[in-house]
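In: Sequence first, then the predicted structure, then my questions.
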Amino acid sequence: MNWWSSSMANYFVINRPSNLVTHVMTSSYSPADTKLLKFIVASDKALTTYYKWCKRNPGLHPDVGELMMKSPYFKEKVCNGKTGQANPRTYRVRDVPTEKHLDREEQVKIWIAQNPEAHEYDLDAALYTGIVAARAYLSKYNP
């Protein structure tokens, strides 16, 4: 057999701990499963199902259970004839909480309101404003 006549197969790459299909790879040999990754041969129909799911849910990875529900071939390859209790999960991507950005003057106003008896040296030590700027801030914002 020549190198150009070898057939290339598509494989789903499954992260075992999370049970998510992370991506699809193409290889001319059958990759070995590891503790972290499992490789399953992907049929054209299963690939179509996977790509449709990815198009509807950009930035997410499908759960194995979801693909098993939609592709009997994929289910057979995953289960090897065994019956299981895999249930699809709904994924919600958490937004990273953004901290409210306060500008320098807002920080100084808040600090002065919390420390009304403070002097310019205290303000300088707390916020590194400099003595002259601290005097100006205190004269402007101290009641």
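Out: Structure received. Numbering: from 1, shown residues only.
In: care to break this structure down by domain?
Out: Annotated domains of the chain cover 8-79, 104-141 [automatic domain parsing].
In: Out of these, point me to the one whose mean pLDDT is lowest.
Out: Lowest mean pLDDT within the domains of the chain: domain 8-79, a mean of 86.
In: That one spans what distance, first to last residue?
Out: 23 Å (CA to CA, to the nearest Å).
In: swap in stretch 32-47?
Out: Stretch 32-47 has an end-to-end distance of 20 Å (CA to CA).
In: So which bits of that stretch are buried?
Out: For stretch 32-47, a neighbour-count test (16 or more other CB atoms under 10 Å) marks 38, 39, 40, 42, 43, 46 as buried. Quick note: C-beta positions are derived from backbone N, CA and C, even for glycine.
In: Just the ones of these in helices?
Out: Taking DSSP state H, the ones among the buried residues of stretch 32-47 that sit in helices are residue 46.
In: Let me have the buried residues of stretch 32-47 in JSON lines, adding distance to residue 117 as columns.
Out: Formatted as JSON lines, the buried residues of stretch 32-47 follow (distance: CB to CB, whole Å):
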{"residue": "38", "distance to residue 117": "65"}
{"residue": "39", "distance to residue 117": "68"}
{"residue": "40", "distance to residue 117": "69"}
{"residue": "42", "distance to residue 117": "70"}
{"residue": "43", "distance to residue 117": "75"}
{"residue": "46", "distance to residue 117": "71"}
